[in-house]
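>>> Next one to model:
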Amino acid sequence: MTRKSSWDEKKITSHLQQLPPVKDRRSKEEVFQAVQQKLEERETEDRGSLVGKKKSGWLLPAIASTAAVLLLLILLPSFLNNQQHLTSDSGGEQEASMENRTNEVNILMEDGEAGAVEEDADEAADNEEAADHSGEMNVTVQAETVLVPIPHTEQVEAAATVNPRTFVKREPLEMSEETGETLEEMLVYVLTSDQFGTADIFQGLQTVAFDEGDKAATLDFTEENRLESLAGDEYQQAYGTIVEVFSSYGLEEVRLTVNGEADVTFGPEGQLEKIELLPDNRGYYLYKAADGNRYFLRGAVVGEQIGDHSDTLFTFAETLEKMRSVRPDAWYDSAIPESVEFAEVVVDGDYATVELAPDSSFADDEQFRLMVSAIQLAASDFPLNYIEFEGAAVEQMTMNDVLYEQVEHLRLFD
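The predicted structure is shown next:
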């Protein structure tokens with residue numbers, strides 16, 4: 001008796017609809033060999049029942065149909081997630097609900113014979129490869145954002161006199177053809193852009209170059225510069241900007257050149273080869289401008305104590321304790337409220353834990369955030385990457401037992 005195949009049109013359609021996505025990491029050659037072996041086994045199995053008898057006209061097409069379906073499921077699993085349309089000669093049009101499909105695969109069943117699968121596996125592989133390259137391109141062209149010190153100059157009254165003071169704010173700047181594609185180019189943009197108010201005094205600045213060995217930076221100007229004519233407030237702004245911006249990177253000096261030649265005339269200083277910076281720092285303090293803006297000041301720049309009497313720099317814990325108070329004649333304030341005390345400050349590798357005393361408190365969220373920001377800045381002068389704040393006052397302000405903050409560094413060569 002001839003065995004009847006259980007594979008008919010309806011069952012094939014049903015299986016296509018119900019089968020889960022197939023993920024096969026084998027190569028095409030391995031898949032082909034597996035299918036070929038399966039066909040040989042089935043032919044051997046059927047050979048006994050077909051000896052002496054004429055093979056039915058539908059058997060081989062049914063086997064070919066099964067092989068085509070298997071190849072479709074193994075080689076093109078991504079297509080099973082998309083909508084598939086099936087048609088048959090029985091007059092019924094079956095819709096396979098396979099969503100998000102990008103290519104239609106039509107299987108035509110006529111007179112019991114399997115139709116062709118209208119999809120080329122090599123073309124699909126090429127499409128997938130193209131999609132992969134497209135994804136890589138999106139990552140490659142994604143703009144990089146760099147934290148840079150942006151100078152701001154304010155007229156500050158101190159000791160009954162008003163003088164320009166330059167502060168820096170660490171702000172993210174996106175690399176581009178306009179702003180620069182390296183840190184050095186971005187600093188040229190910052191100093192010469194009208195956006196930041198220093199374009200006039202840094203007229204002619206053409207390059208900034210770092211010297212890691214000497215921990216120095218060289219600012220090279222064209223001959224059309226204004227360095228010699230700087231005087232009064234402009235000179236103080238230029239000098240303060242150089243000191244603030246480049247000290248933030250932990251550099252020790254800035255050299256001035258014109259087309260590569262030294263001995264530049266720098267305002268009332270006259271002939272000047274270099275400007276000494278303040279690379280060592282401990283602590284940050286708060287200045288509130290008349291317009292409401294807040295600026296953080298480096299302790300070394302405003303003359304606050306940054307070490308003990310033997311010139312040993314403060315530890316992180318000592319730095320935070322020092323930041324709680326300022327000199328009596330100071331024109332700036334502490335960013336740490338008087339109502340806050342530290343129960344314990346512990347440093348473990350690149351991780352610091354700052355625990356506030358139980359009776360510490362904050363007047364409002366702004367006061368709390370200013371303190372956290374000042375401590376983050378202070379941590380950037382140490383090899384610290386993370387700070388954990390603990391205490392009842394922290395929970396009161398954040399609704400969490402612990403606040404974790406990451407430290408952002410500018411120092412280049414430490």
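>>> from here on, contacts and neighbour counts on C-alpha atoms
Fine.
>>> Could you chop this protein up by domain?
Residue ranges for the domains of the chain, per automatic domain parsing: 9-139, 145-276, 310-406.
>>> and those domains, which one's lowest on average pLDDT?
With a mean of 51, domain 9-139 has the lowest mean pLDDT of those.
>>> As a check, name the ranges of all helices in the protein.
9-18, 28-50, 59-75, 121-140, 183-192, 232-247, 299-302, 316-323, 365-379, 392-398 (DSSP state H).
>>> And for Ser310, the neighbour number?
When neighbours are counted by other C-alpha atoms under 10 Å, Ser310 registers 6.
>>> make that Ser193, sorry
Applying other C-alpha under 10 Å, we find 16 residues neighbouring Ser193.
>>> repeat for the one 5 residues further on
Here the number of neighbours of Thr198 (other C-alpha under 10 Å) works out to 20.
>>> cool, Glu177 as well?
By other C-alpha under 10 Å, 10 other residues sit near Glu177.
>>> Next one: it from Phe202, what distance?
Noted for Glu177: a distance of 20 Å to Phe202, by C-alpha to C-alpha, to the nearest Å.
>>> How about Lys288?
In terms of C-alpha to C-alpha, Lys288 sits 27 Å off from Phe202.
>>> Compare these two (neighbour count), which wins?
Applying other C-alpha under 10 Å to Lys288 and Phe202 shows that Phe202 carries more neighbours, namely 19 against 13.
>>> That one touches Val190, doesn't it?
No. Counting by C-alpha atoms under 8 Å, Phe202 does not reach Val190; the two are 10.0 Å apart.
>>> tell me the contacts of Leu191?
Listed by C-alpha atoms under 8 Å, 6 or more residues apart in numbering, the contact set of Leu191 reads Thr198, Ala199, Phe202.
>>> Let me know the closest of these to Ile336.
For the contacts of Leu191, the closest approach to Ile336 (C-alpha to C-alpha) belongs to Thr198, at 31.5 Å.
>>> List the contacts of the closest one.
Counted by C-alpha under 8 Å, 6+ apart, Thr198 has contacts Leu191, Thr192, Ala238.
>>> One more: Pro383?
For Pro383, the contact set (C-alpha under 8 Å, 6+ apart) comprises Asp350.
>>> Tell me how far it lies from Leu377.
For Pro383, the distance to Leu377 - C-alpha to C-alpha - is 12 Å.
>>> just Tyr404 next, same as before
Taken as C-alpha to C-alpha, the span from Tyr404 to Leu377 is 14 Å.
>>> Compare these two and say which one has the larger neighbour count.
Leu377 (22 against 11).
>>> is it true that the more buried one touches Val407?
Yes. The criterion here is C-alpha under 8 Å, and Leu377 meets it with Val407 at 7.4 Å.
>>> What residues sit buried inside stretch 206-220?
By neighbour count on 16 or more other C-alpha atoms under 10 Å, the buried set for stretch 206-220 is Gln206, Thr207, Val208, Ala209, Phe210, Lys215, Ala216, Ala217, Thr218, Leu219, Asp220.
>>> my bad, stretch 319-326
By 16+ other C-alpha under 10 Å, the buried positions in stretch 319-326 come out as Thr319, Leu320, Glu321, Lys322, Met323, Arg324, Ser325, Val326.
>>> and which of the residues you listed is nearest Gly303?
Distances from Gly303 to those, taken by C-alpha to C-alpha, are shortest for Val326, at 10.2 Å.
>>> Contact partners for the closest one?
Applying C-alpha under 8 Å, 6+ apart to Val326 gives the contacts Glu304, Tyr332, Asp333, Ser334.
>>> Reformat those residues as TSV; add neighbour count and distance to Glu234.
Shown next, in TSV, are these (neighbours: other C-alpha atoms under 10 Å; distance: C-alpha to C-alpha, whole Å):
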residue	neighbour count	distance to Glu234
Glu304	20	25
Tyr332	20	23
Asp333	20	26
Ser334	22	29
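>>> which one of the residues you listed sits closest to Leu412?
Glu304 (23.6 Å).
>>> isn't that closest one right next to Arg327, touching?
Yes. Using C-alpha under 8 Å, Glu304 makes contact with Arg327 at a distance of 7.4 Å.
>>> quick revisit: let me have the buried residues of stretch 206-220 in a markdown table, extended by distance to Glu338.
Rendered in a markdown table, the data for these read as follows (distance: C-alpha to C-alpha, whole Å):
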| residue | distance to Glu338 |
| --- | --- |
| Gln206 | 47 |
| Thr207 | 45 |
| Val208 | 42 |
| Ala209 | 43 |
| Phe210 | 41 |
| Lys215 | 38 |
| Ala216 | 39 |
| Ala217 | 40 |
| Thr218 | 42 |
| Leu219 | 42 |
| Asp220 | 46 |
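>>> Report the two of the residues you listed separated the most.
Going by C-alpha to C-alpha, the pair spanning the buried residues of stretch 206-220 furthest: Gln206 and Lys215, at 20.3 Å.
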